[in-house]
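Engineer: below is the structure, and that's it, no one-letter string:
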Ligand code: ATP
Ligand code: MG
């Protein structure tokens, strides 16, 4: 499908970093929506390896995790023939546009990003400039494809806002160049919290294995992690203030079963947290089993995965090059 043709379906773009196997936070907050949107939109999805090196990565591990993340995207049910699925570093327009947009982003606005503050605390020995300009690269990812919607978890909302600001600023100076993207954030599951510290978001790079459930965890491991999830001493399954652990489990259960909080409260009235935790674990296991089975099959066929990645990169390069060329002309670079 050609970029910018008036009859094209609205475009969706999103990306995930190959920093570890995705968690149920990534799945419920983002990946599940990627799949849901793929029927009605023109979807472009990336494995964001350029973003991943803002935190120090072991090269062999990064390579493995990049392939795994790509295989996982195919395993959540995305069709590489119908969607553009690619690895970010295979398409050179991303870093090129990021540099240009760096020059249209103010130091002050980038300094207000909470992810930068959080990650610089977590990685105090490596507060690199890439960590600081991360949102500008993310803006480039989105704006290159003239994306209308960006399905993300709530933690990325601020980055989407800065993307819109950068795009509006650029359009204001040079005339209409970029589509202004809108965040697509689900109502439930947009912020899955850590099972061990439910005031913090679940993060796939959290070193505590009990804090997060990976999409590929075995049913046994999933059950164990939910059984040891931190809750409170009230022993009543209800959504409320000061009940971060239970609120989180209720959100996860609601996402997997489609039940409302009220229905969940009724279902577990008079029952203890033990029963509830087992039910949450079972619902998650049921949701993830087909993904894990498909993944275990796909990951063994590297040749097929690399072929899909090459096709995806070709399509992504073609679409994004048009935007980059336009930007370079507008900024005033002498044409070759
Ligand atoms: P890292 O710790 O490496 O940053 P991450 O778990 O934050 O890992 P990302 O690759 O940064 O994962 O984000 C991928 C997608 O998952 C983004 O759309 C992000 O908003 C979403 N996401 C991340 N964490 C959560 C969460 N706890 N709940 C819901 N969505 C989330
Ligand atoms: Mg993240």
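Structural biologist: Good, I have the coordinates. On a predicted model such as this, the values are computed, not experimentally measured, just so you know. Ligands and ions are numbered 1, 2, ... in the order given.

Engineer: phi first, then psi, for residue 21.
Structural biologist: Main-chain dihedrals, residue 21, degrees, to the nearest 10: phi -60, psi 130.

Engineer: what's the pLDDT at it?
Structural biologist: Residue 21 carries a pLDDT value of 94.

Engineer: and for the one 3 residues further on?
Structural biologist: The predicted structure scores residue 24 at 97 on the pLDDT scale.

Engineer: so how many other residues sit close to it?
Structural biologist: Residue 24 is flanked by 27 other residues according to other Cβ atoms under 10 Å. For glycine as for every other residue, the C-beta is placed from the backbone atoms N, C-alpha and C.

Engineer: again with residue 117
Structural biologist: 11.

Engineer: mind telling me what element it is part of?
Structural biologist: Using DSSP states H and E, residue 117 sits within helix 114-122.

Engineer: after that helix comes which helix or strand?
Structural biologist: As assigned by DSSP H and E, the chain's next helix or strand after helix 114-122 is helix 129-144.

Engineer: which helices and strands sit right next to that next one?
Structural biologist: strand 11-16, helix 49-52, helix 93-102, helix 107-111, helix 114-122, helix 157-174, helix 302-331 (3 or more Cβ pairs under 8 Å, 6 or more residues apart in numbering; DSSP states H and E).

Engineer: can you list the ones you listed in JSON lines and add mean pLDDT and distance to residue 202?
Structural biologist: As requested, the helices and strands packed on helix 129-144 are exported to JSON lines (pLDDT from 0 to 100; distance: least, Cβ to Cβ, whole Å):
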{"stretch": "strand 11-16", "mean pLDDT": "98", "distance to residue 202": "14"}
{"stretch": "helix 49-52", "mean pLDDT": "98", "distance to residue 202": "18"}
{"stretch": "helix 93-102", "mean pLDDT": "98", "distance to residue 202": "27"}
{"stretch": "helix 107-111", "mean pLDDT": "97", "distance to residue 202": "25"}
{"stretch": "helix 114-122", "mean pLDDT": "94", "distance to residue 202": "14"}
{"stretch": "helix 157-174", "mean pLDDT": "98", "distance to residue 202": "16"}
{"stretch": "helix 302-331", "mean pLDDT": "98", "distance to residue 202": "27"}
